[in-house]
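[1] Build me a model from this:
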Amino acid sequence: MVTEKQIWAYLEEVFDPEVPVLTVVDLGVVQKVELKDDGCKIVITPTYSGCPAMKRIEDDIHEKLAEKGIEKVEVELVLSPAWTTDWITEIGKKKLKEYGIAPPEDEVDKSVLFADPTVVPCPKCDSRNTKLISQFGSTACKAHYQCNDCLEPFDYFKCLR
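    Here you go, the predicted structure:
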């Protein structure tokens with residue numbers, strides 16, 4: 001009989017198709033694992049409602065658990081509560097930085113008049129002397145920045161709350 005802890009460990013082997021260094025657990029997409037008499041139910045939340053990777057993630061979860069001998073798997077997609085970058089694990093944030101993507105920062109409240117813009121440190125050299133190039137990077141959940149010191153371009157995983 002498989003345990004919930006084992007299933008969570010198996011899910012650590014399912015990688016995000018858009019950021020292949022992150023698992024779906026690192027990303028905080030997996031919300032719940034429920035054991036059933038003859039299988040399990042996995043509850044997932046997309047990083048945003050139109051995320052094209054969710055079908056691939058669902059299929060990868062089915063494939064991984066089947067590989068581990070769990071044939072009866074129900075994957076439920078829930079939109080509420082909405083995913084937030086707060087759900088990315090500390091290990092996930094470290095993996096993002098090592099991969100060259102700046103992890104989410106505590107961003108200023110955009111409704112505050114005259115608020116200073118968020119400073120996004122360069123994941124390559126840690127310089128805080130960076131500039132926004134585009135609100136959209138390689139995917140909709142990322143923005144594109146450049147470091148003014150090492151001149152490297154990089155993606156920033158936008159803070160979503």
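[2] contacts, neighbours, all on C-alpha from now
    OK.
[3] any idea what sits nearest the residue sitting nearest the centre point of the chain, other than its immediate chain neighbours?
    Geometric centre of the chain, nearest residue: Leu27, 3.1 Å, by CA atoms, centre = their mean. Computed as CA to CA, 6 or more residues apart in numbering, the closest residue to Leu27 that is not its neighbour in sequence is Ile88, at 4.6 Å.
[4] any idea of the pLDDT on Glu34?
    Looking at Glu34, its pLDDT is 96.
[5] Run through the neighbouring helices and strands of the helix or strand containing it.
    Glu34 belongs to strand 30-36 when assigned by DSSP states H and E. The contact analysis (3 or more CA pairs under 8 Å, 6 or more residues apart in numbering; DSSP states H and E) places strand 30-36 against helix 4-11, strand 39-44.
[6] The first one: which residues count as buried?
    To tie it back to what came earlier, the one meant is helix 4-11. 7, 10-11 (16 or more other CA atoms under 10 Å).
[7] Closest to Phe157 out of these?
    The nearest member of those to Phe157, counting by CA to CA, is Leu11 at 21.9 Å.
[8] show me the contacts for that closest one.
    Neighbouring residues of Leu11 by CA atoms under 8 Å, 6 or more residues apart in numbering: 23-25, 61, 64.
[9] out of these, which are buried?
    23-25, 61, 64.
[10] among the contacts of Leu11, which are in strands?
    Among the contacts of Leu11, no member falls in strands (DSSP state E).
[11] Could you identify the most distant pair in those residues?
    That would be Val25 and Lys64, which, of those, are the farthest apart (CA to CA) at 13.6 Å.
[12] that older thread, export the buried ones among the contacts of Leu11 to JSON lines and tack on pLDDT?
    Listed next are the buried ones among the contacts of Leu11 as JSON lines, based on pLDDT from 0 to 100:
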{"residue": "Thr23", "pLDDT": "97"}
{"residue": "Val24", "pLDDT": "97"}
{"residue": "Val25", "pLDDT": "98"}
{"residue": "Ile61", "pLDDT": "98"}
{"residue": "Lys64", "pLDDT": "98"}
